[in-house]
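Asks: Provided below for reference: sequence and predicted model.
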Amino acid sequence: MRHKTPSIPTLLVTGSNGQVGFELRRSLAPLGRVVALERAGCDLSRPDELRRIVRELRPDVIVNPAAYTAVDKAETDIEAAYAINSVAPGVLAEEAKTLGSLLVHYSTDYVFDGRKDGSYVETDKVNPQSVYGKSKLAGEQAIAASGVQALVLRTCWVAGAHGSNFAKTMLKLGRERDSLRVIADQFGAPTTASLIADVTAQIVARHWLSGRPAAFAGGVYHLAAAGETSWHGYATEVLRMAAALGVPLQANLEQIEAIPATAYPLPAPRPANSRLNTSKLRETFGIHLPDWQQGIRLLLDQILN
């Protein structure tokens with residue numbers, strides 16, 4: 001008796017050259033046919049083009065890591081920030097709803113004002129303080145309004161081997177300068193792009209492509225590495241690990257000066273508290289989230305090798 005060959009699912013990934021998008025190309029590859037779109041092939045600021053691409057590909061899963069992430073520039077480039085962070089997710093949600101597909105979208109700790117004591121849970125009041133945060137919240141709201149089956153993952157302090165980020169900047173400065181000044185009164189959990197991509201792939205494989213989409217527990221979830229630190233603690237750990245791996249540094253770890261955020265003013269306000277409670281994600285999907293130090297060590301291995 002011949003068995004019917006199951007169809008291979010199509011997974012559409014936007015922003016495939018970004019930190020998370022680059023890792024998603026790897027993590028999603030075993031799950032089906034991955035169509036990875038760069039900005040040149042899919043401009044999220046053009047809704048009609050976005051609809052056309054989705055309708056042609058008819059993906060089973062749309063994964064949208066693409067975002068306008070220039071936090072300070074967004075304060076004056078408001079239209080572009082909203083086009084990419086709000087309008088585009090809404091378009092993807094509408095198209096996914098029509099197709100009966102899953103939408104996976106990434107949001108941010110910037111939807112909160114950072115004033116809470118302790119880590120944020122998904123039901124805490126949102127109160128973004130920057131254009132970037134407001135545009136990302138508007139994207140969440142557009143997805144919710146569409147009624148699509150969606151997984152919205154809020155994350156923080158993202159760092160990947162591909163692209164620019166804080167860890168790479170500290171590594172560069174540590175090689176070039178004998179002293180550094182780093183903010184010590186903002187807190188979060190450095191979270192690698194590879195962890196975000198791997199968690200995404202596990203959830204999609206186990207809970208959507210497994211043939212039980214009707215039981216999929218969609219909604220907003222917090223995704224971050226375990227533990228917490230300050231930017232100062234993060235910088236110190238990056239350079240300590242780098243030194244242990246044999247990287248020649250100019251900076252002395254004892255000379256990394258801890259400064260308040262007020263000493264380094266920026267156009268867009270940053271949350272003082274970016275800590276995200278991940279209990280809902282871990283308990284719903286059976287996911288283990290390793291300590292942030294483990295992820296950064298693996299990240300440094302990638303960068304340096």
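Replies: Nice, I can see it. Numbering: from 1, shown residues only.
Asks: May I ask you to confirm that Leu103 belongs to a strand?
Replies: Yes - counting by DSSP: H, G, I helix; E, B strand; the rest coil, Leu103 falls inside a strand.
Asks: Count the neighbours of it for me.
Replies: A count of neighbours around Leu103, defined by other C-beta atoms under 10 Å, yields 26. Every C-beta, even on glycine, is put in place using the N, C-alpha and C of the backbone.
Asks: How about it: which residues does it bridge to?
Replies: As for beta bridges, Leu103 partners with Ile62, Ala150 under DSSP bridges.
Asks: Quick check, it in contact with Pro59.
Replies: No - assessed by C-beta atoms under 8 Å, Leu103 is found out of contact with Pro59, at 9.7 Å.
Asks: where along the stretch 51-200 of the chain do the strands fall?
Replies: Using DSSP state E, counting those that start in this stretch, the strands of the stretch 51-200 of the chain run over 61-64, 102-108, 150-155, 158-159, 180-183, 187-188, 191-192.
Asks: Can you classify Leu44 by secondary structure?
Replies: Following three-state DSSP, the label given to Leu44 is coil.
Asks: sorry, back to before: would you list the strands of the stretch 51-200 of the chain in a markdown table and tack on distance to Tyr82 and mean pLDDT?
Replies: Listed next are the strands of the stretch 51-200 of the chain as a markdown table, based on distance: least, C-beta to C-beta, whole Å; pLDDT from 0 to 100:
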| stretch | distance to Tyr82 | mean pLDDT |
| --- | --- | --- |
| strand 61-64 | 15 | 98 |
| strand 102-108 | 14 | 98 |
| strand 150-155 | 17 | 98 |
| strand 158-159 | 21 | 96 |
| strand 180-183 | 28 | 96 |
| strand 187-188 | 25 | 98 |
| strand 191-192 | 25 | 98 |
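Asks: what's the closest of those strands to Ser279?
Replies: Ser279 sits nearest to strand 150-155 of all those, at 13.4 Å, using C-beta to C-beta.
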